[in-house]
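S.K.: got a sequence here, can you build the structure:
(6 chains)
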4 protein chains.
Amino acid sequence: MASVKPAAGKPRKTPKGAARQPTPKPTRDPERTRARILDAAKAEFAAHGLGGARVDRIAANADANKRMLYYYFGNKDDLFLAVLEGAYAHIRDAEKELRLTEIDPPEAIRRLVAFTWEYYLEHPEFMNLLNSANLHQGRHLKKSAKVRTMHSPFVAMIEEVLERGRKSGVFRAGVDPVQLYISIAALTYFYLGNKFTLSEIFGRDLLSPRAKAERLGHMGELVLGFLFKH
Amino acid sequence: MASVKPAAGKPRKTPKGAARQPTPKPTRDPERTRARILDAAKAEFAAHGLGGARVDRIAANADANKRMLYYYFGNKDDLFLAVLEGAYAHIRDAEKELRLTEIDPPEAIRRLVAFTWEYYLEHPEFMNLLNSANLHQGRHLKKSAKVRTMHSPFVAMIEEVLERGRKSGVFRAGVDPVQLYISIAALTYFYLGNKFTLSEIFGRDLLSPRAKAERLGHMGELVLGFLFKH
Amino acid sequence: MASVKPAAGKPRKTPKGAARQPTPKPTRDPERTRARILDAAKAEFAAHGLGGARVDRIAANADANKRMLYYYFGNKDDLFLAVLEGAYAHIRDAEKELRLTEIDPPEAIRRLVAFTWEYYLEHPEFMNLLNSANLHQGRHLKKSAKVRTMHSPFVAMIEEVLERGRKSGVFRAGVDPVQLYISIAALTYFYLGNKFTLSEIFGRDLLSPRAKAERLGHMGELVLGFLFKH
Amino acid sequence: MASVKPAAGKPRKTPKGAARQPTPKPTRDPERTRARILDAAKAEFAAHGLGGARVDRIAANADANKRMLYYYFGNKDDLFLAVLEGAYAHIRDAEKELRLTEIDPPEAIRRLVAFTWEYYLEHPEFMNLLNSANLHQGRHLKKSAKVRTMHSPFVAMIEEVLERGRKSGVFRAGVDPVQLYISIAALTYFYLGNKFTLSEIFGRDLLSPRAKAERLGHMGELVLGFLFKH
DNA sequence: AATGAATGAGCGTTCATTCAT
DNA sequence: CATGAATGAACGCTCATTCAT
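M.R.: Sure thing, here's the model as predicted:
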């Protein structure tokens, strides 16, 4: 036997006989390495939960040494927090683009519902991350100074829409923007996050184009049917 | 290490018609042993998720030998399925008690919302079990013949209520009972299941008596505000 | 839940709804039970070795309760010894049938070689049992009073044949019958007992009809080529 | 880069009689670690068979962490294969030293018989390894590309000796070198591999100097008595 | 004679993490 | 900045055996 290698290592990137190799993976680029680890960790945590996630798999999928993971993030829990913060930052960034204050209130609510639906549809990993965070009783988030400050602008935006709608006489009064925001997220989250059990129980394909259109329609009617002053 | 958590294991009584049993753990009572394991497993899976659950802890809390767990349930996954089936059976049993078909439609919906709210409030473990089941893409439920047959009665009950309300002119037409059922569950599930992250994000205590009353009120208004024909 | 059954038991012999069953397994027949256990044990030890044999599998294949195994045989090692004794008794019985003293010496040797070949061919389990016994340094046999008295009748028989052959001038003198007996057994044992490694190494099918005929021919020539006085 | 030859090239760190050793276990020496595990595994598999071998004992005797065993070899079965390949490589290397083609045919055969006898006498573990490999129906070897190619040179060497002997008129014609090689190995293998059961049955000490000399003499006479053309 | 229930010890394997270079 | 080697503790699971009936 020629060289001593662990039995189940990843395949060598450079063929043994080659004279020179052009380093296909940009070594010594700390930012890229860090980002690759973070991406791989997000996928792993989303796919298996915090308890089921494997540090080895994260390192392998990041094409990084396992040690680097600890170098950059400390430990598994802190890495999870970093992933969580990144996920929150991402959705908050996307929400900022909505500019609801510039639109007609009913249309703004419709847009908010549609945005929430589409965001979770395109980022199912976010739901799994939140589930893991809650399974662990939020202890990760408690260590984060960042996350708490990211939300007030969005709540204020919804509040402004509700107030405009009320003033113009189309919306009912006394609606708590936080409750409304939670409800809108809830209607999507439960449907998509529990798609496997729900589809098993109801014997329906919940993700067919038709089913998705129906769900989005139902959610819009539900929220606006409630908000409209008749 | 050898300590037994008094959380979920012991306080079962013996209704079998036998005289009295002074020994806290009745040996040679397979039904009780099985039940103790199932209870301990439910608590463990709910507290730590499927991946984070520890077979040793389940056995210890069930005051049983680890081997018995495999004797009765085969393996960890099948035990999880048994827990899941038990949890579904429990909520379905509770739902049957509602007898919505005997009540005035708006009151029936109010009762349904309140029931759902209270059930999840009193059985937070159910949400974690469902999250685990979905994290694993529903593969456990797919092996279960039981669960799929347990649901149609409840959907039919909601359908009957909606239809009665529509006929009497108070409810709007064209509401899918499955969508409505999912939405009612969603409004509770997301709020309670994500209580840790939500409370961290919004800086609110979501479980204070006042907050709970507000949430229940909001949910009722939301659903009925949508259903009522104006 | 109605009845408590282990998860992975053997299939019930009587369908649940059946009214009467005719007891297909003769219960309360100790000799049969003992024999079934012994047979199952022989197969298990031969297939997996002593270390790899599983008491559960033996009981299951014997269609007996595991406890019976201990009731009749004490423990796994003693059961192995019983199997071993049975195997020795069996080959000794077969050897007695040969009656070599009544045949012409060269033909007697030919018959002995053929018998040995065929016996191991038809009872491959015997080789595996002996290998296990030797792996454990013969400690099982040392506890056996039986086996030591079962001396192969062959040795005396072979001695007589050799002596007759020598006197008639066809066989060479000075051949130790024990050495010859061991050699004849060896020529078969190694070929058949190592059939997997040998066929892998030499890239030959050692058990094709042709290969078997060639081996038997070679062994006869080898032994007689040595014995014949030229 | 030095190559890793298991079992053959590894210098013992501490001779048994030595007084003191300076660095008992050289850390961070992967080649040595790997070799220590391989050695310990060979001893364990030989002593207890594949089924009876204990991974813990291998690690302990290798003075290595159990995890390293999996790091280098994947799992127990693959480790067994590595041991098996090493054992085959070792005997084949030793056989190459024989240089039978340079010697007079009868003397070459005598040397081959004596070598085989002595090799198994000095390496009794090899027989147990082969027994385990065959007990598992050769499935380990089937995964090995190496072993199959190691044997043709040796068979060719025997063939050359037989052919030279035949041409010079001392050996009979028509002897299959593979059959002969198997027979020579068999005569030793059965005697030594079954020494415990045989000595128990025949009431002889098979390993006394006198018994060993007699066996070697008998084997030589048997093989040459067959080969010689009279 | 026969059985289902129960057990402690130990199985092969994998975990998150750290060391030495 | 990056890596292969190493670790102790635990993982899910199974072992031969015994208990109570």
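S.K.: per-residue confidence for A:Lys10?
M.R.: Per-residue confidence (pLDDT) for A:Lys10: 36.
S.K.: does chain B sit close to the helix ranked longest in chain A?
M.R.: Determined from DSSP state H, the single longest helix within chain A is helix A:30-52. Yes - for helix A:30-52, a contact with chain B is found by CB under 8 Å from any CB of the partner chain, at A:48-52. Placement of C-beta: from N, CA and C, glycine included.
S.K.: Throw those into TSV and include distance to D:Tyr189, thanks.
M.R.: Shown next, in TSV, are the residues of helix A:30-52 next to chain B (distance: CB to CB, whole Å):
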residue	distance to D:Tyr189
A:His48	51
A:Gly49	55
A:Leu50	56
A:Gly51	53
A:Gly52	50
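S.K.: for the most centrally placed residue in chain A, what are its contacts?
M.R.: Central residue of chain A (CA atoms, centre = their mean): A:Phe126, 2.4 Å from the mean position. By CB atoms under 8 Å, 6 or more residues apart in numbering or on different chains, the contact list for A:Phe126 reads A:46, A:87, A:90-91, A:119-120.
S.K.: do the same with A:His151
M.R.: Contacts of A:His151 (CB under 8 Å, 6+ apart): A:92, B:201-202.
S.K.: switch the cut-off to 10 Å
M.R.: When contacts are counted by CB atoms under 10 Å, 6 or more residues apart in numbering or on different chains, A:His151 touches A:88, A:92, A:95, A:178, A:181, B:198, B:200-203.
S.K.: could you identify the buried members of those residues?
M.R.: A:88, A:95, A:178, A:181, B:198, B:200-202 (16 or more other CB atoms under 10 Å in any protein chain shown).
S.K.: next step: those restricted to strands.
M.R.: Using DSSP state E, no member of the buried ones among the contacts of A:His151 sits in strands.
S.K.: and those, which is closest to D:Ala173?
M.R.: A:Tyr88 (87.4 Å; CB to CB).
S.K.: nearest spatial neighbour of the closest one, skipping sequence neighbours?
M.R.: Excluding its sequence neighbours, the residue lying closest to A:Tyr88 (CB to CB, 6 or more residues apart in numbering or on different chains) is A:Val147, at 5.3 Å.
S.K.: repeat that for A:Ile37.
M.R.: A:Ala62 (4.4 Å).
S.K.: okay, now the domains of chain A?
M.R.: Split into domains by automatic domain parsing, chain A comes to A:29-74, A:77-227.
S.K.: I'd like those domains laid out as TSV, including mean pLDDT.
M.R.: Output for the domains of chain A, formatted as TSV (pLDDT from 0 to 100):
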stretch	mean pLDDT
domain A:29-74	91
domain A:77-227	93
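S.K.: out of these, nearest to D:Leu112?
M.R.: Closest approach to D:Leu112 among the domains of chain A is made by domain A:29-74 (50.5 Å; CB to CB).
S.K.: redo the residues of helix A:30-52 next to chain B as JSON lines? Include neighbour count and distance to DNA strand E.
M.R.: Converted to JSON lines, the residues of helix A:30-52 next to chain B look like this (neighbours: other CB atoms under 10 Å in any protein chain shown; distance: CB to the nearest atom of the strand, whole Å):
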{"residue": "A:His48", "neighbour count": "19", "distance to DNA strand E": "9"}
{"residue": "A:Gly49", "neighbour count": "25", "distance to DNA strand E": "11"}
{"residue": "A:Leu50", "neighbour count": "25", "distance to DNA strand E": "9"}
{"residue": "A:Gly51", "neighbour count": "18", "distance to DNA strand E": "8"}
{"residue": "A:Gly52", "neighbour count": "17", "distance to DNA strand E": "8"}
